[in-house]
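Participant: fold the following.
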Amino acid sequence: MLQQESLIEYGSRRVIITITAIFCALLEIVDTTIVNVALNDMRGNMGATMSEIGWVITAYAIGNVIIVPMTSWLSQQFGRRNYFAASIIIFTVSSFLCGNATAMWELVLFRFIQGLGGGALLVTSQTIITESYPPEKRGIAQAIYGLGVIIGPTLGPPLGGFITDNYSWPYIFYINIPIGVIATLLTLQFVRSPKYGEKKSMSEVDFLGIILLALCVGSLQYVLERGQEDDWFNDPIITALATTSAMALFLFIWRELTYKNPIVELRVLKNGNLRVGTILSFILGFGLYGSTFIIPLYTQGLLGWTATQSGLLMVPAALTTAFMMPIIGKMLEKGIPQQYLVAAGMFLFFVYSFWGYKIITPSDTGSESFFWMLIVRGVGMGLLFIPITTLALSSLKGQQIGQGAAFTGMMRQLGGSFGVALITTFMTRRTQMHRNDLIPYLNTNNPDVINRINNMTANFMSKGYDPKVAKGMAYQMMDFSVTKQASVQSYMDVFLYLGLMFLICIPFVLMVKAKKQQGKLDASAMH
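Facilitator: Got it, this is the predicted structure:
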């Protein structure tokens, strides 16, 4: 009877821990994308340039990616519960400070601090949920965690658009405060720190490793975020930071493999499943953040939709993924190999991308054209996320789970940064290339071109413009039309190449031999 009561108590505690962890993961990821739609309002308030306001996103991403690899070590050093609660408090307090910021660089500083707090929320949430469930239930555990990770980037833009349109931009930060307070109280009450791992004395702390890690990933994140805008390696700062990142990476790997108490345990990558999961997490981040980035860009930039309309377009896909999560979790429990589900997800992502390639037009792609295409994306994302994270962590135990979750979390984040950076650069260059290809068709000896110019000139003259001005405006309209068509072709290229990237990965995924999860481990493996 007592045993039954303790099981019920453990079950209810696990539910509360799971809900707390999901909310924390959601908080962190929503804040990655919620700011995007409010940048114009912030720029007006702060009197900042477009280049300066971009730092609001960059600073958060740099803070995130620096802290993620260190989360396992920090949890061990300060205790899982204390570190998790402290991260929520840092995130919540810095959210309040972001909303109250009155100067541009003040806001950037608080966003960096928010990123340091937020990075821990994501990885520690995943570790807590994974450790709270026995190995045979980890498919369901990852499904629950995946709800936050997949829905977060989709929820951000419509929520940010609604708040910005109806209130003011500081409220996109203030909404974090009540959730943060509740999550802190629940963490202190219900989350337990694991027994393994000893706290290191200050003399044993790998401070050089921390500095090298911050230099490596911080510089790399800056290069990826600012590269296209600053003209990549033609900019001395980008060149210097890319070199710094490469050198710091080399020294960091050497340091971590030779130091007695490394800040990041690289040896855990000897685990084959984790290695494969880490690579697949990078590809997942590339596809997830890349596709979340280009659709609002297309609908707002070329179709003239509002931020709220663009955000709402993505909601059905997120709901589909949420619906798929428990189903895929059950499929994993029944023993369907993870690599088959990942391959199916990649194929669906290819279908989604090719569909996007076929339907995009310069002006009249309606929201109904996107609906089923995005539903396919939602199913594909569900099939990718849970099996990849389950595969990566399936044969890890104890402290290794946190270390493995840190690697997959960092690679997903870096995959997203690489995705957005490469897609932005690719589109800029393809647009210029397509424009150069289209210009020769505007031959002034071509009767169709002459007729179109004359019709537009007559139209402007009928509105009271001088004939010379009207003709100049007609040429401008033709030029705008060519640029718009070139942009559409570059969006088509992005969809096509994203799809081909996933299609090429399928044979390699099917070659992976996933180790069977140990079905019945003793209860101590749960903690």
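
Participant: ok, the nearest residue to Ala86 once chain neighbours are set aside - how many residues close by?
Facilitator: Spatial nearest neighbour of Ala86, excluding adjacent residues (C-beta to C-beta, 6 or more residues apart in numbering): Phe78 at 7.1 Å. In short, each C-beta sits where N, CA and C put it, glycine included. Phe78 is flanked by 15 other residues according to other C-beta atoms under 10 Å.

Participant: local confidence estimate at Phe78?
Facilitator: Phe78 carries a pLDDT value of 80.

Participant: can you tell me the helix or strand for Thr425?
Facilitator: Following DSSP states H and E, the helix or strand that holds Thr425 is helix 399-438.

Participant: immediately after that helix, which helix or strand?
Facilitator: Downstream of helix 399-438, the next assigned helix or strand under DSSP H and E is helix 447-462.

Participant: and the helix or strand that that next one is followed by, how far out from the chain's middle?
Facilitator: Where DSSP H and E defines the elements, the next helix or strand beyond helix 447-462 is helix 467-510. Centroid separation for helix 467-510 versus its chain: 24 Å, with C-alpha atoms, centre = their mean, to the nearest Å.

Participant: angle of whichever helix or strand Ile283 is part of against helix 467-510?
Facilitator: In this assignment (DSSP H and E), Ile283 forms part of helix 272-301. Taking axes from the mean of the first three to the mean of the last three C-alpha atoms, to 10 degrees, helix 272-301 and helix 467-510 form an angle of 160 degrees between their directions.

Participant: check which helices and strands helix 272-301 sits against.
Facilitator: For helix 272-301, the packing partners by 3 or more C-beta pairs under 8 Å, 6 or more residues apart in numbering; DSSP states H and E come out as helix 138-166, helix 307-313, helix 338-359, helix 367-393, helix 399-438, helix 467-510.

Participant: wait, Ile113 touches Ile90, no?
Facilitator: Yes. Using C-beta atoms under 8 Å, Ile113 makes contact with Ile90 at a distance of 6.6 Å.

Participant: tell me the contacts of Trp73?
Facilitator: Residues in contact with Trp73 (C-beta atoms under 8 Å, 6 or more residues apart in numbering) are Ile263, Val264, Glu265.

Participant: out of those, the closest to Asn100 would be?
Facilitator: Closest to Asn100 out of the contacts of Trp73 is Ile263 (33.3 Å), distances taken as C-beta to C-beta.

Participant: measure that closest one to Asn64 for me?
Facilitator: Using C-beta to C-beta, to the nearest Å, one gets 17 Å for the distance from Ile263 to Asn64.

Participant: neighbour-wise, which of those two wins?
Facilitator: Taking neighbours as other C-beta under 10 Å, Ile263 and Asn64 compare with Asn64 leading, 28 against 24.

Participant: quick one: residues contacting that one.
Facilitator: Contacts for Asn64 were tallied using C-beta under 8 Å, 6+ apart; they are Glu28, Thr32, Gly115, Leu116, Gly118, Gly119, Gln413.

Participant: which residue packs closest to the fifth one, ignoring adjacent ones?
Facilitator: By that I understand Gly118. Per C-beta to C-beta, 6+ apart, closest to Gly118 is Glu28, 4.1 Å.

Participant: tell me which element the one you found falls in.
Facilitator: Glu28 belongs to helix 2-33 when assigned by DSSP H and E.

Participant: now do Ser245
Facilitator: Here Ser245, judged by DSSP H and E, is contained in helix 236-258.

Participant: what residues does that helix touch?
Facilitator: Residues from elsewhere that reach helix 236-258 (C-beta under 8 Å, 6+ apart): 206, 208-209, 212-213, 215-217, 219-220, 222-223, 226-227, 230-233, 262-267.

Participant: kindly report the same for stretch 503-511.
Facilitator: Stretch 503-511 has contacts (C-beta under 8 Å, 6+ apart) with Leu280, Ile283, Gln339, Tyr340, Val342, Ala343, Met346, Phe347, Phe350.

Participant: poorly predicted segments of the stretch 1-150 of the chain, please.
Facilitator: Within the stretch 1-150 of the chain, the stretches with pLDDT under 70 are 1-11, 49-51, 136, 138-139, 142, 147-150.

Participant: where is pLDDT lowest across the contacts of stretch 503-511?
Facilitator: Minimum pLDDT for the contacts of stretch 503-511 is recorded at Gln339 (82).
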